[in-house]
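*Asks:* The sequence isn't on hand, but the structure is:
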């Protein structure tokens, strides 16, 4: 294959050489005749251009048809092979994605495949979680093609649950199947259909702000900050009318959205934080709900609202935390209420368990705007990081006596600095922070891939080359695990911006590593730290089927070398991953065929010649 690539490059450079020595003609000009020859009268422009336009049109049409035929053949093969997989959930995921692409070629057949998949989820053989995963995958792919049918399926699956009375705990935690499905689906649709995602989130939040809804809101904000803020504004009004055992936890969750932390937030929250108007609305809503909760008695809640003892304890936990939050915000958004809220917060927070009290103290300190207490470095450093005050956090971490704690905090400082500098597009500063953030070469290579992405967006190919070279050196002897696979895939995506050959090399290395990893049988004992267990989980190669890294890498290489991309997709020995990679190739081939067809001269209107 390398020889083929070299031959291809040789042909490319030969073409460039021929172009360089051929006289160039500006648009609208004719090539000059050879010296010493007589010139004939200049023909009409339309007549002279016609043969060339027809030739270009025929070539573009032939290329588009060839790419489309190749994509359809690959789709048909994937659909056939995925039907033979023994793991039903994985088969549904692959076939739903294939149906999404098949729609562009044969909508009726694709619709029939979606119906077949949906009907199968009602049968035996699925656990409840698997059924939800399968239905989410089907709906995510169907909504983009037929929103009417997708809505019908969604309502059918939610019919029984929608009319059921939910416990307070089910409303708050989002354990209700309907709320969970809508939250997950809105998160999946946020990128390509933010309007539908927002409508689904409004349905969830009309019941309760759940952890799943908060995750979907964060994803929606990445793609449409205005829509996300609109949904949150509506949620604040809704929460004022909900039972306080629901509204208090909901307001606590929304504090992370309205006042995002630089330490844990997405880049979009750093570059486009919510405006002051939304923050003022949050303070007003939280104050109104807190006052309402203070007027309620436990006796009336037990008698009239049927609260249990657990419900009352749960409510009191969030009552104290909300009191601390709005007391911290009062100097900015309600100065006349500062004394009242400080007193209430002091009384309610005294009843909080120690672990909850520590988290509440951190949250209130983070959003208060006051200087953190340097005498409590375990609190002051995270607060400084959350505010993006890197200098203060580094100074506090450097003063620690405990070497292990000092190293841990200094790494956290560098990770946060990397995120902030990357959001600003400060590449050199972000690179220095990435080098200090971790000693794990695989994790650092992931940082380098993120740097390369921003460098490519800025058109700085030299910086991209530099960080990818350093990443390649890092990965030469790193641990062969799932993180290394993802780093290689990300690097392949970014390398393709300037070198198909390098992108193919990264992708080949990733495939070789995927083929060496063991599929998790589920029998191994799960133990270790949370980080170790997470690494073990992503080292199961089947998890790549749900990863964006696999899709992006194969899509990137297909854009410049579809033949190599398809050969490498077929070379993956883990069948589900291979099928997923082949779908990524087929999708790009279809997109390429559409673009070539649109770019053909036939599809463009030719202006009439002057005087006609």
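*Replies:* Looks like it came in fine. Remember, predicted model here, so these are calculated numbers, not experimental data.

*Asks:* Grab the longest helix from the chain for me.
*Replies:* The longest helix of the chain (DSSP state H) is helix 45-82.

*Asks:* in it, what's buried?
*Replies:* 49, 53, 60-61, 64, 67-68, 70-72, 74-75, 78-79, 82 (16 or more other Cβ atoms under 10 Å). Where you see a C-beta, it was placed from the backbone N, CA and C, and this is true even at glycine.

*Asks:* pLDDT on that helix, on average?
*Replies:* Average pLDDT, helix 45-82: 78.

*Asks:* on contacts alone, who are the packing partners of it?
*Replies:* helix 88-102, helix 562-571, helix 575-599 (3 or more Cβ pairs under 8 Å, 6 or more residues apart in numbering; DSSP states H and E).

*Asks:* among the ones you listed, which is the most enclosed?
*Replies:* Highest mean neighbour count among those (mean count of other Cβ atoms under 10 Å): helix 88-102, with a mean of 23.

*Asks:* if you average pLDDT over the host helix or strand of residue 231, what comes out?
*Replies:* Under the criterion of DSSP states H and E, residue 231 resides in helix 225-239. If you average the pLDDT over helix 225-239, you get 94.

*Asks:* Quick one: work out the angle between the very next helix or strand once past that helix and helix 225-239.
*Replies:* Of the helices and strands lying after helix 225-239 in sequence (DSSP H and E), the nearest is helix 244-258. Helix 244-258 runs at 160 degrees relative to helix 225-239, counting by axes from the mean of the first three to the mean of the last three Cα atoms, to 10 degrees.

*Asks:* distance between helix 244-258 and the chain's centre?
*Replies:* 24 Å (Cα atoms, centre = their mean, to the nearest Å).

*Asks:* Equivalent analysis for stretch 403-417, please.
*Replies:* Counting by Cα atoms, centre = their mean, stretch 403-417 comes out at 26 Å from the chain centroid.

*Asks:* Give the rounded mean pLDDT of that stretch.
*Replies:* Mean predicted confidence for stretch 403-417 is 92.

*Asks:* Next: stretch 378-394.
*Replies:* Across stretch 378-394, pLDDT averages out at 88.

*Asks:* Report the buried residues of it.
*Replies:* Using 16+ other Cβ under 10 Å as the test for burial, stretch 378-394 gives 379-390, 392-394.

*Asks:* of the residues you listed, closest to residue 140?
*Replies:* Nearest to residue 140 out of the buried residues of stretch 378-394 is residue 386 (Cβ to Cβ; 32.8 Å).

*Asks:* secondary structure class for the nearest residue to that closest one once chain neighbours are set aside?
*Replies:* Residue nearest to residue 386 in three dimensions, not counting chain neighbours: residue 261, with 3.9 Å by Cβ to Cβ, 6 or more residues apart in numbering. Three-state call for residue 261 (DSSP: H, G, I helix; E, B strand; the rest coil): coil.

*Asks:* Check the gap between residue 105 and residue 590 for me.
*Replies:* 8 Å (Cβ to Cβ, to the nearest Å).

*Asks:* can you check residue 193 too?
*Replies:* Taking Cβ to Cβ, one finds residue 193 at 19 Å from residue 590.

*Asks:* now swap in residue 373 and tell me
*Replies:* From residue 373 to residue 590 the distance is 59 Å (Cβ to Cβ).

*Asks:* How about residue 203?
*Replies:* From residue 203 to residue 590 the distance is 33 Å (Cβ to Cβ).

*Asks:* what residue lies at the spatial centre of this protein?
*Replies:* Nearest to the geometric centre of the chain sits residue 219, at 6.8 Å (Cα atoms, centre = their mean).

*Asks:* For residue 334, what are phi and psi?
*Replies:* The phi and psi torsions at residue 334 (degrees, to the nearest 10) take the values phi -160, psi 70.

*Asks:* That one: neighbour count?
*Replies:* If you count neighbours by other Cβ atoms under 10 Å, residue 334 ends up with 17.

*Asks:* Spatially, what comes nearest to it if we skip its sequence neighbours?
*Replies:* residue 283 (6.2 Å).

*Asks:* how far away is the one you found from residue 327?
*Replies:* Using Cβ to Cβ, we find residue 283 at a distance of 11 Å from residue 327.

*Asks:* These two - which one has more neighbours?
*Replies:* Neighbours per residue, other Cβ under 10 Å: of residue 283 and residue 327, the larger number sits with residue 327, 25 against 19.

*Asks:* Now do the strands in the stretch 351-500 of the chain.
*Replies:* Counting by DSSP state E, counting those that start in this stretch, the stretch 351-500 of the chain has no strands to list.

*Asks:* which intervals of the stretch 101-250 of the chain have sub-threshold pLDDT?
*Replies:* Where the stretch 101-250 of the chain drops to pLDDT under 70, the residues are 159-166.

*Asks:* rerun at 50
*Replies:* Scanning the stretch 101-250 of the chain for pLDDT under 50 picks out 161-164.

*Asks:* quick one: the helices in it?
*Replies:* Per DSSP state H, counting those that start in this stretch, the stretch 101-250 of the chain carries helices over the ranges 107-120, 128-143, 147-162, 168-173, 177-189, 194-205, 211-223, 225-239, 244-258.

*Asks:* Output the contacting helices and strands for the strand or helix carrying residue 346.
*Replies:* Taking DSSP H and E as the definition, residue 346 sits inside helix 338-349. Secondary-structure packing of helix 338-349 (3+ Cβ pairs under 8 Å, 6+ apart): helix 276-294, helix 309-333, helix 354-368.

*Asks:* What residues of the longest one count as buried?
*Replies:* Residues 311, 314-330, 333 are the ones in helix 309-333 that count as buried (16+ other Cβ under 10 Å).

*Asks:* what's the angle from that helix to helix 276-294?
*Replies:* 140 degrees.

*Asks:* what's helix 309-333 packed up against?
*Replies:* Against helix 309-333 (3+ Cβ pairs under 8 Å, 6+ apart) you get helix 168-173, helix 244-258, helix 276-294, helix 298-304, helix 338-349, helix 354-368.

*Asks:* chain center to that helix: distance?
*Replies:* With Cα atoms, centre = their mean, you get 32 Å for helix 309-333.

*Asks:* Please tell me I have it right and residue 251 contacts residue 323.
*Replies:* No. Using Cβ atoms under 8 Å, residue 251 makes no contact with residue 323, being 11.0 Å away.

*Asks:* Could you give the number of residues near residue 473?
*Replies:* Neighbours of residue 473 (other Cβ under 10 Å): 11.

*Asks:* For the helix holding residue 231, buried residues please.
*Replies:* 225, 227, 228, 229, 231, 232, 233, 235, 236, 238, 239.

*Asks:* The fifth one touches residue 200, doesn't it?
*Replies:* No. Judged on Cβ under 8 Å, residue 231 makes no contact with residue 200 at a distance of 9.8 Å.

*Asks:* For the residue lying closest to residue 90 once chain neighbours are set aside, give its distance to residue 505.
*Replies:* Leaving out its chain neighbours, the residue that sits closest to residue 90 by Cβ to Cβ, 6+ apart is residue 576, at 4.8 Å. Look at residue 576 and residue 505: by Cβ to Cβ, they are 25 Å apart.

*Asks:* separation between residue 547 and residue 540?
*Replies:* Taken as Cβ to Cβ, the span from residue 547 to residue 540 is 11 Å.
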